[in-house]
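Undergrad: Got a predicted structure plus its sequence, pasted below:
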Amino acid sequence: MLRPLLYLSALITFAGAQRFTASSEFDISSCPITYYGLTHQRAYVNFTRQNLVVCFSGFYGSGTDGDCIFGPLPDTVSAEFEQYQRIPLLETIVKYSVPSIDTSMDCYFSFSFQHNRGYSTLALIKFGPRSVLYVYSPAEGTVVVDVQVDGTTADKVTVTNTPTRRQTRGYLDISGCRYAGDVYKPATEVNSPETCFRLTCDKDAVLRTSSCGPLERCLGNGSCIPAALYDAIFNPKLDEVCTVMGPALVDFRGGVTSVRDRCSYSLLSLPSVPDFQVEASFQERRRKDVSFLDSVTLRLGGLGVRVHLKQGGRVLVNDATLTLNSPGQLVPGVELSKDLTGVTAKVSLSNFTISVFFDGYTSQIHLQGPVGSALHGLCDNASRSLADLRLPESSSTSCETQFTDTNDSTISCTKMTDYCNLLKEAPFSACDIDPEPYITACTNTLCSYPDQDGLKCQFLEAYARTCQLMRNATLVGWRTKTECSHPEAFCQDRTCSDHEFCGEKTVSGDTRCFCRAIFASKYRDSNTLGDPMVCNQTSASLTLANCLLEDEGVDYAALHLKDLTCRGRMDEETHMVTFSFNSTNRCGTEVMNNNNQIVYQNTISNHDGSSSVITRRDQVFIDFSCVYSQEAIKAFKIRSSSVIKVITSGVWNYTLTMKAYTDAARTQPVESDTQVRLDQSIWVELNTDGLDGDLLSIVTESCWATNQESDNGSLRYDLIKNGCANPADPTVRVEGNGEGTSNRFSFNMFQFSGRSGNIYMHCKLQLCVKEGNSCIPVHLQTCSWFPPSSVPRLRPQASWLCEKDTSSSSNPFIPVRVTEETPRRKHFSPSSLPAPCFPPLSPRFSSLEVFQDPGVFRGLCTGSRPPVSSAMCLEGSEGI
């Protein structure tokens, strides 16, 4: 439909008119409109109670009420949309009405509708980067079109028609610039000398701004000067950096010192904030004679907070591990953050702001505060005596001990000095901070410590960070020039134990935990890989240092005992690997009798049990053993009741106790005040604690009495000899010898003739391995019975015992008749043996001793020589 736009006789359109009666979206990409600096390619039109609204970021009222034009309300909810190409005559008229437009017209689009019974139009005309809003309203009255930018009115177009004067048309240049929420017309300039800010929106609606640079400050007259100069003149304050790199420290003033021990020191404290302190702890790494910064601690005593920064990015707050899972995590008084470069703790106290950075090798303390403030610590004055700033409460008692180490032929001091001097060259020379302290620290360290673990780059990294902190200067390209290609923190998120540090495993950057030099030296000097074996009462263990195993290229997970299922367990905190066995699970342990020792032996190896003829990995065989020694109890005085002796075999202990009683049930111990009569029966029990009864037994080899505490007193009387009762003393009786971890014997009390002093008892015991063996003394082992049918019963109450004589081939058993009337103990000589004893008792035995228990008889052959294997225990029961 022809519109009364500018009395045009012909219009060329892109397409026909589009009538719409509801909210509609239109594609204007063929004629995009620049609306106050932003170009839009879609238009959103909807009807409200008061207006027809054209927006460019979404429908009005949908929460995107940004750039919108509010036209008059149509008489009916209906309008038409049309797009047109360039019309030269229209271009001339618009330029005449809007003189600021000097570019060529491209196109335009319009919205037409009935208003107050007249046909009204809103049109937007594109002139390259500029745009014009055209309003046509022929009806009497006033029409106000509100033009909004970001929801705020930027301008208006008013058309007023009266009976005497008809305006009908209005124009508005909707070109311009936006800045900080404000709109500026083309060819506008804003200048603020107070802030040194200048804004220009030129005739083509191009925005330009200028102000002081990031390292400048405005003087208030439109002039900018360097920020450092401005602060020095108008706002003087402390803004200093202290750096600790390995053993070296560069203080706030550029002073340099080196820490050579393994103590803790105060880096910074503030007298005006008495409860605040930054501490540094030093430990050795690859060499015993060079210490490195190991951890940094912030103490805020007033808040009861202690923040501990450790290698690997670990953070402990009051000794509890803290996981940093947000960019700025707060604990009382401290803001903690972590990134690929390390951990930063920031504290604001009084008028001070302190930022402490630590990456596992280097720490930097950035201090900001009032000029003239009193400071203490190595960061304030590196030339102070280290002894004055040492913190005994945070240091070990031996931390000051100085160590020496062998010369390292791989260290080239000349080469390292040349490398450190790169700090004098570009791009480092672009920073106005004096590099000499950092060069000194770099040279002193690398001339005494090998260039490993990325150490040389740590000094250059520290200087670059200082320039960033104090001058906000980025040294572009320094990593490429110096071949330092790892901006992230060294050993990030790797946890090592206290006796370890994290270092490079390969030149490619792989890392692992290494043993500290002093820790490792005590093992390397003895050519071991761990601590001595620990032998307990029923178990044994051997602990190895995993860092020493890794030094040898050994994977602890591949190691095992003789039983392949018994493997080492690594302590997650100490990284020590423990192999163990006990009485429940022996893990293939072998038990052997070696002279006077019982030996438990096992082996740690990485042999997988395969039968392969060859292998291409190092073989590991570590033998270890626990030993039980066999000891005699010393100086047992009868009236002292008992003696306890702890016997140590290497590191395997057990306890041996001997105690005397006045009753067979051993319930009445002999005390110091117990009245013991001569010829009174005394029972003595020998008992052990700490032996594995499934594997070992104790054998009482001999017991004797002396008149002195020494076991070789001038007077001696034997009670037990060669595991058996002394045949010369019929009152001695031995029970349970060799059967378990305890035994006992009894005798009748006596005294040495002509003496009235104390009697001391001594016993010597042997440990016996039970596996596959009998631990009962050979003289007490049970013999075979003479067949009862071959032994005539003389009386119903008679019983028979026999002695085994291996020297007799015709009849190895000699029956001995014992009756109820046989005394409790009786000696039989060969000539007095009762019938039927055949053949005669071997002449090499002088007698046969017979004991009678209730229902049981036991016999023992004795002779002029010590009992031999042919003399066996005789045992039987009454009634056979």
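TA: Cool, the structure landed.
Undergrad: Number of residues surrounding residue 708?
TA: Residues lying near residue 708 (other Cβ atoms under 10 Å) number 15. Where you see a C-beta, it was placed from the backbone N, CA and C, and this is true even at glycine.
Undergrad: just checking, it is part of a strand?
TA: No - applying DSSP: H, G, I helix; E, B strand; the rest coil, one finds residue 708 to be coil, outside a strand.
Undergrad: From residue 171, how far off is it?
TA: 135 Å (Cβ to Cβ, to the nearest Å).
Undergrad: How about residue 711?
TA: According to Cβ to Cβ, residue 711 and residue 171 sit 130 Å apart.
Undergrad: same check, this time on residue 73
TA: The spacing between residue 73 and residue 171, counted by Cβ to Cβ, is 22 Å.
Undergrad: Check residue 351 too.
TA: According to Cβ to Cβ, residue 351 and residue 171 sit 59 Å apart.
Undergrad: Return the list of strands paired to the helix or strand containing residue 719, each annotated with direction.
TA: Residue 719 is part of strand 716-721 when elements are defined by DSSP states H and E. Strand 716-721 has its sheet partners listed here by DSSP bridges as strand 696-706 (antiparallel), strand 724-725 (antiparallel).
Undergrad: Turn those strands into JSON lines, columns for mean pLDDT and distance to residue 655.
TA: Compiled in JSON lines, the strands paired with strand 716-721 are given as follows (pLDDT from 0 to 100; distance: least, Cβ to Cβ, whole Å):
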{"stretch": "strand 696-706", "mean pLDDT": "89", "distance to residue 655": "12"}
{"stretch": "strand 724-725", "mean pLDDT": "91", "distance to residue 655": "26"}
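Undergrad: for those strands, which one ends up most surrounded?
TA: The highest mean neighbour count among the strands paired with strand 716-721, using mean count of other Cβ atoms under 10 Å, belongs to strand 724-725: a mean of 26.
Undergrad: Residue 241: what's it in contact with?
TA: The contact partners of residue 241, by Cβ atoms under 8 Å, 6 or more residues apart in numbering, come to 252, 364-367, 466, 469-470.
Undergrad: So which residues of the stretch 201-350 of the chain form helices?
TA: For the stretch 201-350 of the chain, applying DSSP state H, counting those that start in this stretch gives helices covering 227-234.
Undergrad: can you pull the alpha-carbon coordinates of the strand holding residue 719 into PDB?
TA: Only the C-alpha atoms of strand 716-721 are listed here, as PDB (Å, rounded to 0.1, in the frame of the first residue of the first chain):
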ATOM      1  CA  ARG A 716      77.700 -77.400  94.700                       C
ATOM      2  CA  TYR A 717      74.900 -80.000  94.700                       C
ATOM      3  CA  ASP A 718      73.200 -81.300  91.600                       C
ATOM      4  CA  LEU A 719      69.500 -81.800  91.500                       C
ATOM      5  CA  ILE A 720      69.000 -82.300  87.700                       C
ATOM      6  CA  LYS A 721      71.700 -83.600  85.300                       C
END
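Undergrad: so residue 350 touches residue 271, yeah?
TA: No - taking contacts as Cβ atoms under 8 Å, residue 350 lies outside contact range of residue 271: 11.1 Å.
Undergrad: Can I take it that residue 439 is in a helix?
TA: Yes - Residue 439 sits within a helix when classified using three-state DSSP.
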